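Enquirer: What follows is a predicted protein model with its sequence.
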Amino acid sequence: MENQVAKKAGIILSWLGFLLFIIIFINMLQAPRITIGTEEREIMRNFHLVAGTFLMAVSMFRVYLWVHFPPQKNQRLLPEQEYIFIHFLQFSLYCSFVAQGISGFLMAWSDGVLRFMKDIDTIDHGLWTTSGYLHSAFGFFYIMLILIIIILRLYHMLRYRVFSVNIFA
């Protein structure tokens, strides 16, 4: 019974992760087209912070479920090593979402966007630069992971006749 609940929770979290990823990706594509310092840019940044926080939380829960209730192979045509590899890539995708959320939090905090105590300056240019580069690096990493997962899923369809398009498993 506990495994069934975990499986349903995993499915729901995967879909939530996918939807949040799409929302953040669209936001990410639109933000550079808006003039810096405008109210619209501030709204988009705050929306990005909120959606990114939700994606990080969903990804943390998904990683927790993955560790405690690992997915079981239910496709008999797919070899075991292919199944393990694709799920390792999907697990890495969620871990990169968590890492990107942490680096995004550090970036916003060190830029003075997030403040937890009134009248305390948290601006730290060195931390902001480092976490900003990490935030970008994790972004490129998960885009690469998604492309590799899509290519492998297409390969599985052609080679093993296994139809599965779940990228965010």
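Expert: Looks like it came in fine.
Enquirer: all contacts plus neighbour counts: C-alpha atoms, from now on.
Expert: Fine.
Enquirer: Can you list the buried residues in the strand or helix carrying Y64?
Expert: Assigned by DSSP states H and E, Y64 belongs to helix 39-68. Residues of helix 39-68 classed as buried: 41, 44-45, 48-49, 51-63, 65-66 (neighbour count, 16 or more other Cα atoms under 10 Å).
Enquirer: now the residue of the chain most remote from its centre, what's its secondary structure?
Expert: Distance from the C-alpha centroid of the chain, by Cα atoms, centre = their mean, peaks at D119 (32.8 Å). Following DSSP: H, G, I helix; E, B strand; the rest coil, we place D119 in the coil state.
Enquirer: Helices of the protein, start to end?
Expert: For the chain, helices defined by DSSP state H occupy the ranges 2-30, 39-68, 80-110, 125-160.
Enquirer: most neighbours per residue, which of those helices?
Expert: Mean neighbours per residue, mean count of other Cα atoms under 10 Å, is largest over these for helix 80-110, with a mean of 19.
Enquirer: which secondary structure elements does that helix contact?
Expert: Counting contacts by 3 or more Cα pairs under 8 Å, 6 or more residues apart in numbering; DSSP states H and E, helix 80-110 packs against helix 39-68, helix 125-160.
Enquirer: between it and helix 39-68, how many degrees?
Expert: 140 degrees (axes from the mean of the first three to the mean of the last three Cα atoms, to 10 degrees).
Enquirer: give the contact list for L77.
Expert: For L77, the contact set (Cα atoms under 8 Å, 6 or more residues apart in numbering) comprises 160-162.
Enquirer: if we take those, which one ends up nearest to M107?
Expert: Ranked by distance to M107 (Cα to Cα), the contacts of L77 are led by V162 at 41.5 Å.
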